[in-house]
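*Asks:* Task: produce atomic coordinates for the following.
(2 chains)
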Number of protein chains: 2
Amino acid sequence: MEITTKNFIEQLPAIRQTIREASFFAIDTEFTGLTSDRNVMPFDTPEEVYLKTIENSAHFVIIQFGLCAFQVHPESGQVSYKCFNFYCYPKGRVPVFACQGESMRFLADNGFDFNKLFREGLSYCGEVDEERLRTELKDRQDQRAATLEAKAEENGNNDSLNMVPVPPEEEKLIGEISVRIEEFLKSEDKDYTITNCNGFQRKLIYQMIDSQFRKTISTSSVTLENNHKAILVERKRSKQEELKLEQERVAQENEDLERMVGLSLVLQELSQARKLIIGHNMLLDLLFIIRQFFRPLPHSYQDFKKTMRELFPLILDTKYLCTNGELKVHIYSSVLAHVFEAVNKAPFIMPDVTCGFEEHKYSADDTKHHDAGYDAYLTGMCFLGLASFFKADLKDITHDPVLKAYFNRIFLLRVSEINYIYTHGKEPSFSREHVFFVSFPESWRQSDIVNRFRNYGQVHVNWVNSSSAFVTLHNRDYASHVIKTIDKASISICTLTQFKAKHWLGLKEGTIVIVPIMDTTSNISSTIIPTTPTIITPTTKEKRKKKKNRHR
Amino acid sequence: MEITTKNFIEQLPAIRQTIREASFFAIDTEFTGLTSDRNVMPFDTPEEVYLKTIENSAHFVIIQFGLCAFQVHPESGQVSYKCFNFYCYPKGRVPVFACQGESMRFLADNGFDFNKLFREGLSYCGEVDEERLRTELKDRQDQRAATLEAKAEENGNNDSLNMVPVPPEEEKLIGEISVRIEEFLKSEDKDYTITNCNGFQRKLIYQMIDSQFRKTISTSSVTLENNHKAILVERKRSKQEELKLEQERVAQENEDLERMVGLSLVLQELSQARKLIIGHNMLLDLLFIIRQFFRPLPHSYQDFKKTMRELFPLILDTKYLCTNGELKVHIYSSVLAHVFEAVNKAPFIMPDVTCGFEEHKYSADDTKHHDAGYDAYLTGMCFLGLASFFKADLKDITHDPVLKAYFNRIFLLRVSEINYIYTHGKEPSFSREHVFFVSFPESWRQSDIVNRFRNYGQVHVNWVNSSSAFVTLHNRDYASHVIKTIDKASISICTLTQFKAKHWLGLKEGTIVIVPIMDTTSNISSTIIPTTPTIITPTTKEKRKKKKNRHR
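*Replies:* Predicted coordinates:
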C-alpha cells in the first residue's frame, strides 16, 4: 500500500497496529544518490569503512521507504504479510538536499514516480527537531490561551507612539474604508473583504480598525485566488465563539504537527517494537534511516554501534547470510533478484505466504524492482527461502542456532577481510603486515611487479594509478622479509601501515582508485581471485557509469 | 514545443534555424532551488548583491529552460513567435546537485513533470568539459584508427607473463567452451553467446580465445536482459567489415557527443546570435545560465560584466522596465502575471501576435505559470505590451530612445538605492553616510529608536534582531551630526561603513535578517515606505514559508 500525504493521517493507526502485531520485518529504501565507495580499500577494517561511508554520504536523502511486516501464526506457523511503500522528502524545513543525476535517472527509468514524491511525499524530522516543534507549538498555544483570557478585560492600548502617521495622500482611502466598515456593521452581510491595497495601505487600515473598531470588528489576513493579499472584516466574535475557534485551531495544529513529524512516527514505532528487521545489503539503509528519522550519525564507530543497539537491536542482512558456506554453493549471485530466483528452486523450500489484503500485496510477477515496498517484500521472501535451508523454526526465529551467527552483522561490500560490521561487539582483528604499497615507473606492467616479488610467492596486485599499487602476499609467512630483502632499484616500497599513517586519502586529486573487479559472485566466494588490475583514468570514466549502481 | 532526449537530435537544426531567423528572444528558467536573498541589505551596492548572490546559489541547477523566439516582419511589422521548453539536468557527469524541498514541491504543485525530467531531460555541459570531451573522443578515435591499421600486420603477442593460470576446477569449463567454439566455426550460426559464467571465468575464456582463436573469432561483451554479463562470439571480421563497423561507431560516438553537450548547443547558438534577450527579474536566470552552460561565475564583479558583454551583449529586464515612472502608475504589481494583466488593458496596446505552428504555441488562457516555456512567452508578450506604451518601433527595437535606457540593466530585488546591475558600465555610486547600525536593550521598541533620533528628523528602521537595527535618516543633511551628538546612553552606534568593515556577514548564527516587507508594489515605487520592522525568529519561520517563492 502506498502511503502519501493523501492517506497518512488516516492510515497511521493501522500502520502502528500492523507493526505491533508483526513477528518480523523486511525493509528497503531508495535514495537520491549513493555514497561513493570508491575509496573503500579491500584491506579496510569495518571501522574504516564506516567512517569513509559517513564522510561520503552527506546530503543524500531517502525518498522511499519500504516496510513489509510478516506475521507468523503462533500455532500453525502460517506466514502472512502486509506491505507499505512510503514516499518522503524534506519539505522545506531542511532546506537543501543533494541528488545524483545518475541515481535520479535510474529510479525514473525503473518507474519511480517523482511527481507523486514532490506533490504527496511525507514530511519527516529528527528527534531534536521534533522536540523543538512540540515545545514551540505548546508555547504558542499556551500564549494564545493566556491572550484570549486577558482580552476580555483589555481596554484600549498605549501603542500610539508605535503608530505610523497616515501620509496625506492616503487619508482619503483610510477615511473611505472607515465609512465602508460603518456601513458593513449596519448591514446584514456576513463579512466584507478589503482588496486592492498595497502592504503599506493594509498596515494603515489595520491600525485604523484597531483604534476605531476594536470592540466591534475582527480581522484576518487572507490571500485571494490571484495571490493578492486582502483583509477580511467580520463582526467581533463573542468569547464563546473565540474559544470554539481556538479549540478548532489547536486540533488542527496538533494534526499538522503529526504531519510534519510524518514518516518519523512510523520509524519510531518500528524501533520501539524491538523485533527482527531484515534488509539486503542494508548498511546505507540503516545509516540513512538513523540520520534522517532519528539523529546525526556519530563520528565514533563505538557510538554508532551503541546507537544501533538502542534503535535497532535485532537485524539480519540477507546479503551477509548469503556468505554462509553451505548456502553459497546454491546461489549464483547475491544480487537481491538473483537470490530470489535461487531460493525459489531446490534445495530451498519457499513457505506458503499469504496476504489477506489486496492493497498490501505484491507478487513475484510484479517485478517492480527498485520500488522500496516491492524490494522489502522480496527481501523478506529471500529470508524465508534461505531460512528454509536451515529448517529454521519461523515461530521462534530469533533463537535459531544457525541464523543467530548472522544476527546484527551488516554486510560490507568491497572489503576482502572482515566483510561485516558487528553491532553487538568487536569484529575479529586481522593483520595487514602482508600488504605493501609500491611505487614504480609508469612503464611497468603487472608482470614487472609480479617478477619483483617472485621470491615471496604468489601476489595479488591492486593498482592505485599507473605508477603505484598495493601488493598482497598470498603467503603471509614471507611478510617480514619483503622490506628487508626486496630489490629496491626503481621502486619505493612501504608497508600498508606506514602508507596509511602518511598518505591515506591523500592521493593526488583526480586519481580514482578502483579495487579489483568484484563480480557479484565474488561476494560469496572466499577465494582470492587473481584479477587483472583495472586502472580507471578520468578518460574512461564515462564508459563505466553502470558500475555505480548499487549491487544489492 | 517540448524538447527532451526523445526529439533533441531531430529538432536541433530547426531550433538553430529559428534562433538565426529571430528578431529578439524572451527566456525563462526553472531551478531546483532559490538563492537565499535574505542577507541582501537595502543599502547594498549592486556589486555586493552580485557577490552575495553567487555565494548563496551554489549547486542549484536549471531544470527547465524556456525560449520564445519572436520574429518581426521587416516590412509589415507583423510579429510571430515560436516557443521551446527544454528539460535538462546533470546526467551523471556532474555527479551531485542540490534541491530545496520547497522549490520542488512548488514546481510539482504547478504541474512540473519530474518524471519526464529525469527520464528524458537533456544533458548539458560547460565550455571546458565540452572541449575535453571533444579532445578525448578525437584521441580515442585516432587511436582506434591506428590500431585497426596495425592489426592487419600483428601476429601473436608476448603477454604470456600476464596470463592468469587456469585453476584445476575451471579446466573442464574452459575445455568445453573451446570445443563449443570449434563447433560454432563449423556451423552456419551467425554468432554464439557464452552465458552463466562469473567474472573470473569470463576472464579465463577471453584469454583462451585470444590464444587459440585469435585469427578466427571476434568477441564482444554483452549484457543480457536479466542483467547478467555474457560473451558474444562471432566469426573474425574482415578488414572491410572492421572498417565499416568502425565508421558506424564513429558516427554514433559523434552523435552521442552532441547529446552530451546537449542543451549547451542551444545556448551557444543563442549567445552567438547577439540579439536582444528579454527576461523578467532575470538576475538568477542569467547567473545560472552562465554557470551551467558556459563557465563558472567570476568572483570579480568586473569580470562578471565582461562575461555578460561577451555572452549576452544585449538584454532587457522587463521587471526593471516596470520601474519607469510613466509606466508604473498603470501597473498594480510587477509580478509577471500581474504585468501581463495590466498590459492587456488601456493605455497599453498589445500588438497582434501570431504563431504559425500549433506545437510552438501558447495562449494566455493556458495559464501554465511556472512552465519555463510559457513564462518566456508571457515575458515576451509583456515586453510587447510595455513597448506599445512608448510607441516603440518593433522593426528597429534596439534603437528605441526610451527602451535604450533600460537595456543591459538587470533588476535587483530588495535593494533601495541602485536597483540594477548595468553590464555595460558603472552604476552611479551613492552615499551611505546617513545609515547607522545601532545596538540597544532588548526591551526597546520602534518608538524608543525613533525617539532617540528625534533631533535628526524622520528615520527608517530596519531591524536586524531584537537588540539591533539599521537606522536611515530621511534627511541626509543631518548625517554628519549623528555620531557626534546623539545621546549614547544604553546604545552603541556606528556608521554603516564602520559596521561593514567589522561585522558584515558576521551576524550571530540563527539570526535572520529581514528587510522591510517589500510588497510587489514597492518595487515600482521610489518612496521610502515607513514600514513596521519585522523580526523573524526561527519560531515563526514556518508561517512565512510563502515568502520564499520568487517574486517575478
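*Asks:* any idea where the strands of the stretch 351-500 of chain A begin and end?
*Replies:* A:353-354, A:409-411, A:420-422, A:435-439, A:459-465, A:468-473, A:492-495 (DSSP state E, counting those that start in this stretch).
*Asks:* Now render the ones you listed as TSV, adding mean neighbour count.
*Replies:* All C-beta spots, glycine's among them, are computed from the backbone N, C-alpha and C. Listed next are the strands of the stretch 351-500 of chain A as TSV, based on neighbours: other CB atoms under 10 Å in any protein chain shown:
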stretch	mean neighbour count
strand A:353-354	12
strand A:409-411	24
strand A:420-422	20
strand A:435-439	21
strand A:459-465	20
strand A:468-473	22
strand A:492-495	16
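*Asks:* Against chain B - does the strand ranked longest in chain A have any residue that ends up touching it?
*Replies:* Counting residues, the longest strand found in chain A (DSSP state E) is strand A:62-72. No. No part of strand A:62-72 sits near chain B under the criterion CB under 8 Å from any CB of the partner chain; the closest distance found is 10.5 Å.
*Asks:* Could you do stretch A:182-202 as well?
*Replies:* Yes. Contact of stretch A:182-202 with chain B (CB under 8 Å from any CB) involves A:196, A:198-200.
*Asks:* for stretch A:398-417, same thing?
*Replies:* No. Using CB under 8 Å from any CB, we find that stretch A:398-417 stays clear of chain B, coming within 13.9 Å at best.
*Asks:* buried stuff in that stretch?
*Replies:* Under the neighbour-count criterion of 16 or more other CB atoms under 10 Å in any protein chain shown, stretch A:398-417 has A:400, A:403, A:406-417 buried.
*Asks:* weakest of the strands of the stretch 351-500 of chain A by average pLDDT?
*Replies:* Per-stretch mean pLDDT for these is lowest at strand A:459-465 (a mean of 80).
*Asks:* okay, the angle between it and strand A:435-439?
*Replies:* Orientation note: strand A:459-465 sits at an angle of 50 degrees relative to strand A:435-439 (axes from the mean of the first three to the mean of the last three CA atoms, to 10 degrees).
*Asks:* Return strand A:459-465 as CSV; C-alpha atoms alone will do.
*Replies:* Output of strand A:459-465 as CSV, limited to C-alpha atoms (Å, rounded to 0.1, in the frame of the first residue of the first chain):
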residue,chain,number,x,y,z
VAL,A,459,50.9,-12.0,-5.0
HIS,A,460,47.7,-10.1,-5.6
VAL,A,461,48.1,-6.6,-7.1
ASN,A,462,45.6,-3.7,-6.6
TRP,A,463,46.6,-0.9,-8.9
VAL,A,464,46.2,2.6,-7.4
ASN,A,465,47.3,4.5,-10.5
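*Asks:* picking up where we left off before, after the longest strand of chain A, next one along is what?
*Replies:* Where DSSP states H and E defines the elements, the next helix or strand beyond strand A:62-72 is strand A:79-87.
*Asks:* list the helices and strands that following strand packs on?
*Replies:* strand A:2-3, helix A:8-21, strand A:62-72, helix A:114-120, helix A:263-273, strand A:353-354, helix A:372-389 (3 or more CB pairs under 8 Å, 6 or more residues apart in numbering or on different chains; DSSP states H and E).
*Asks:* try 10 Å
*Replies:* In terms of contacts (3 or more CB pairs under 10 Å, 6 or more residues apart in numbering or on different chains; DSSP states H and E), strand A:79-87 is packed against strand A:2-3, helix A:8-21, strand A:24-31, strand A:62-72, helix A:114-120, helix A:263-273, strand A:353-354, helix A:372-389.
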